[in-house]
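J.: I would like the atomic coordinates for the input below:
(chains A and B)
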Amino acid sequence: MTAHAPLLELQHISLSFKGIKAITDISFAVQQGEICALIGPNGAGKSSLLNVINGVYQPDEGVISFNSKSYSRMKAHQAAVQGIARTFQNIALFKGMSVLDNVLTGRNLKVRSNWLEQMLNSGRAPADYVSQRIKAEEVIDFLRINQWRNSIVGTLPYGLQKRVELARALASEPRLLLLDEPMAGMNNEEKAEMSAFILDTQREFGTTVVLIEHDIGVVMNLSGHVVVLDYGKKVGDGTPDEVRHNPEVIAAYLGTKH
Amino acid sequence: MDFFLEVLTGGLLAGVMYSLVAIGFVLIYKASGVFNFAQGAMVLFAALTFVSLWEHGIPFWGAFVMTLLSMLALAWGVERVVLRPLVNRPPITLFMATLGLSYVIEGLAQLLWGSQVHGLELGISDEPLEVGGMLVSQFDLFAAGVAGVLVLILSLLFNKTRIGITLRAVADDQLAALAVGIRLERIWMIVWAVAGFVGLVAGLLWGARLGVQFSLSLVVLKALPVLIIGGFTSVGGAIVGGLIIGASEKLAEIYLGPLIGGGIENWFPYVLALLFLLVRPSGIFGERAIERV
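T.: Predicted coordinates:
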């Protein structure tokens, strides 16, 4: 595995908001096809780091390499075009639209027909529509949200909304999937279900996943690579076992558990 | 009875003129969930630019295209200077920005073209035409035809293409729209340019009727009850709302006017809108807000 160049590599990334350092000199690499967990206490800079990776924030310093291309500034649109999809901590769905329409927006960049063809329903438009729809239905099947496909997203319970958000991200057939606390606020059963979906995604599509999660049990089961942040700095990086025995990590984060 | 039909038809056609202005609002509301206060200023800017170019001896279509280009430039500028820095801000911020923008655009129009009143003669006769025993204004028929074509094109654009779903996505959640690879800048630019085009059409027709002058930006006030009745998010709703307003204000003037003193026409639409707000706050065709609490 390590013989290949990593899919995603962060080099010396720093980010600050009006003088307050959110991320200080963070470097790590994510290999093709692995599930990498970012852990750390609240405010450690995990979400900020995801926002840097998919171009919501521009880092002050550092370079992001994705798929062997280097960027000092990644734009949100560019990230999506490169195959980076994500979900958000507070769920950023289109709440007034149906589940199916939400998933279809995930196909946004795959649409090949232009608006004139679509308006006149000619040229590439009909076949294009069918293929986008088929792909969306596949994802809906995969995440077992069939029975809610025509429901308005805003009316669905929280756990389901999280799943719809994952569906929208998967619809874009991403190479890298960023999940910001995909299991926050879920009960154990829902967590197990979501974990299974994430593992299935990685196995079936070979998608590389970077996720933020607070539930250490879930993290240790799910991921093959763990990066630990504390106060915007990286304090640990390795397999779950290595991280579990890293004294710095224990002091910073797991310490209270022992 | 004939008289009633004549008043009704006259009112419906006058309503189409309100719809033309209201459509411009719908476009921007669809893409940002914001009532664009500057729409009236855009109508004025377009009409004034066109009329000034025309008076300088540029032929009709030349002036039309040049005005269209200036509306495109305006859309580009608005996106760059106003909208882009306000990504991911609450809608009220954007609304306040359009409020400021309306003054900037009006000032710009005045700076470029002065504050004189211009007459605008489009060459469409305002002589009444006899249709089935009724007298109908030719000009109004023409305006209705133009509105019909506009609505047809816009409905196709919003219902058949992915622009429709993209607009709803952008209005719903900008961050999420960015994450699925929607280019906010491009969408906003398109929408403001189309709103500018609609403003140009509305400006020409209203300008021909009232003369091109600064009070033109006030016709947007009549668009407000149209939007409340038709719904802020529907192009078709803007048409239906306009027809309702146009017909009801004329009928009220004729039949209720004598009973409670004339001049009803001016405030009747607002009372109607108020009633609608009580019964159906999202309008006839508007999207209902759904919130899980």
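
J.: When you work out contacts or count neighbours from here on, use the C-alpha atoms and nothing else.
T.: Will do.

J.: Near residue B:254, how many other residues are there?
T.: Residue B:254: 17 surrounding residues under other Cα atoms under 10 Å in any protein chain shown.

J.: hang on, I meant residue A:204
T.: A count of neighbours around residue A:204, defined by other Cα under 10 Å, yields 8.

J.: try residue B:104
T.: Residues lying near residue B:104 (other Cα under 10 Å) number 14.

J.: do residue B:169 as well
T.: The local packing of residue B:169 (other Cα under 10 Å) involves 28 other residues.

J.: all helices of chain A, in order?
T.: Assigned by DSSP state H, chain A shows helices spanning A:46-53, A:76-82, A:99-105, A:115-120, A:125-142, A:158-171, A:188-205, A:216-222, A:240-244, A:247-252.

J.: Using JSON lines, lay out those together with mean pLDDT and distance to residue A:31.
T.: What follows is the helices of chain A, written out as JSON lines (pLDDT from 0 to 100; distance: least, Cα to Cα, whole Å):
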{"stretch": "helix A:46-53", "mean pLDDT": "92", "distance to residue A:31": "15"}
{"stretch": "helix A:76-82", "mean pLDDT": "90", "distance to residue A:31": "16"}
{"stretch": "helix A:99-105", "mean pLDDT": "93", "distance to residue A:31": "27"}
{"stretch": "helix A:115-120", "mean pLDDT": "83", "distance to residue A:31": "38"}
{"stretch": "helix A:125-142", "mean pLDDT": "91", "distance to residue A:31": "24"}
{"stretch": "helix A:158-171", "mean pLDDT": "94", "distance to residue A:31": "19"}
{"stretch": "helix A:188-205", "mean pLDDT": "93", "distance to residue A:31": "12"}
{"stretch": "helix A:216-222", "mean pLDDT": "88", "distance to residue A:31": "15"}
{"stretch": "helix A:240-244", "mean pLDDT": "88", "distance to residue A:31": "15"}
{"stretch": "helix A:247-252", "mean pLDDT": "78", "distance to residue A:31": "22"}
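
J.: Of those helices, give the one that comes closest to residue A:14.
T.: Taking Cα to Cα, helix A:46-53 is the member of those nearest to residue A:14, at 9.2 Å.

J.: so what does the closest one touch, helix or strand wise?
T.: Packing partners of helix A:46-53 (3 or more Cα pairs under 8 Å, 6 or more residues apart in numbering or on different chains; DSSP states H and E): strand A:20-30, strand A:176-180.

J.: looking at the ones you listed, which is closest to chain B?
T.: The closest of the helices and strands packed on helix A:46-53 to chain B is strand A:176-180. By Cα to the nearest Cα, the value is 10.6 Å.

J.: just to revisit the earlier point, among the helices of chain A, which is the most enclosed?
T.: Highest mean neighbour count among these (mean count of other Cα atoms under 10 Å in any protein chain shown): helix A:99-105, with a mean of 26.

J.: From the chain's centroid, how far away is that one?
T.: Computed by Cα atoms, centre = their mean, to the nearest Å, the chain-centroid distance of helix A:99-105 equals 18 Å.

J.: Stretch B:186-196 too?
T.: Here the centre of stretch B:186-196 is set off from its chain's centre by 14 Å, with Cα atoms, centre = their mean.

J.: quick one: is it near chain A?
T.: No - on the criterion Cα under 8 Å from any Cα of the partner chain, stretch B:186-196 is out of touch with chain A, staying 11.2 Å away.

J.: strands paired with the helix or strand bottoming out on mean pLDDT in chain B, and their directions?
T.: Scoring the helices and strands of chain B by mean pLDDT, DSSP states H and E places strand B:128-131 at the bottom, with a mean of 78. Its sheet considered, strand B:128-131 pairs with strand B:134-137 (antiparallel) by DSSP bridges.

J.: pLDDT (mean, whole number) over the helix or strand following the strand it pairs with?
T.: Counting by DSSP states H and E, the next helix or strand C-terminal to strand B:134-137 is helix B:138-160. The pLDDT scores in helix B:138-160 average 87.

J.: Between helix A:125-142 and helix B:138-160, find me the angle.
T.: Taking axes from the mean of the first three to the mean of the last three Cα atoms, to 10 degrees, one finds helix B:138-160 and helix A:125-142 inclined to each other by 50 degrees.

J.: who touches helix B:138-160?
T.: With contact meaning Cα atoms under 8 Å, 6 or more residues apart in numbering or on different chains, helix B:138-160 is reached by A:115, A:118-119, A:121, B:13-14, B:16-17, B:19-20, B:124-129, B:163-165, B:205, B:235-236.

J.: can you give me how far the helix or strand following that helix is from the chain middle?
T.: Per DSSP H and E, the first helix or strand lying C-terminal to helix B:138-160 is helix B:162-172. Between the centre of helix B:162-172 and the centre of its chain there are 20 Å (Cα atoms, centre = their mean).

J.: Those residues of chain A touching chain B, which are they?
T.: A:54, A:76-81, A:85-86, A:92-96, A:101, A:105-109, A:115-116, A:118-119, A:121, A:154-156, A:169, A:172.

J.: hmm, try it at 6 Å
T.: A:76, A:77, A:80, A:92, A:94, A:106, A:115, A:118, A:119, A:154, A:155 (Cα under 6 Å from any Cα of the partner chain).

J.: any low-confidence regions in the stretch 1-150 of chain B?
T.: Along the stretch 1-150 of chain B, segments meeting pLDDT under 70 span B:1.

J.: same thing but 80
T.: For the stretch 1-150 of chain B, residues meeting the criterion pLDDT under 80 lie at B:1-2, B:123-135.

J.: which residues in the stretch 151-293 of chain B form helices?
T.: Using DSSP state H, counting those that start in this stretch, the helices of the stretch 151-293 of chain B run over B:162-172, B:174-179, B:184-210, B:220-230, B:235-251, B:257-260, B:268-279.

J.: Give the buried residues for the longest helix anywhere in chain B.
T.: When chain B is scanned for its longest helix (criterion: DSSP H), the result is helix B:2-32. Within helix B:2-32, the residues that count as buried by 16 or more other Cα atoms under 10 Å in any protein chain shown are B:7-32.

J.: Quickly note the distance from residue A:64 to residue B:92.
T.: Distance of residue A:64 to residue B:92, computed by Cα to Cα, to the nearest Å: 35 Å.

J.: the more surrounded of these two?
T.: Each of residue A:64 and residue B:92 has its neighbours counted (other Cα under 10 Å); residue A:64 has more, 24 against 12.

J.: Okay, and the beta partners of that one?
T.: Under DSSP bridges, the beta-bridge partners of residue A:64 are residue A:10, residue A:71.

J.: which ones are touching it?
T.: Neighbouring residues of residue A:64 by Cα atoms under 6 Å, 6 or more residues apart in numbering or on different chains: A:9, A:10, A:70, A:71.

J.: what does residue B:21 give?
T.: Each residue near residue B:21 by Cα under 6 Å, 6+ apart is listed here: residue B:202.

J.: how near is the nearest residue to residue B:257 once chain neighbours are set aside to residue A:132?
T.: Residue nearest to residue B:257 in three dimensions, not counting chain neighbours: residue B:264, with 6.0 Å by Cα to Cα, 6 or more residues apart in numbering or on different chains. Here residue B:264 is placed at a distance of 53 Å from residue A:132 (Cα to Cα).

J.: try residue A:60
T.: Separation of residue A:60 from residue A:132 (Cα to Cα): 38 Å.

J.: before we move on, back to that, how about the helices of the stretch 151-293 of chain B, which one is nearest residue B:68?
T.: helix B:184-210 (6.4 Å).

J.: Which neighbouring elements make contact with that closest one?
T.: helix B:2-32, helix B:39-55, helix B:60-78 (3 or more Cα pairs under 6 Å, 6 or more residues apart in numbering or on different chains; DSSP states H and E).

J.: mind running it again at 10 Å?
T.: Counting contacts by 3 or more Cα pairs under 10 Å, 6 or more residues apart in numbering or on different chains; DSSP states H and E, helix B:184-210 packs against helix B:2-32, helix B:39-55, helix B:60-78, helix B:138-160, helix B:162-172, helix B:174-179.

J.: Flag every buried residue along the helix or strand that the third one is followed by.
T.: Right, helix B:60-78. Downstream of helix B:60-78, the first helix or strand assigned by DSSP H and E is helix B:91-113. Using 16+ other Cα under 10 Å as the test for burial, helix B:91-113 gives B:91, B:94-95, B:97-99, B:101-102, B:105-107, B:109-110.
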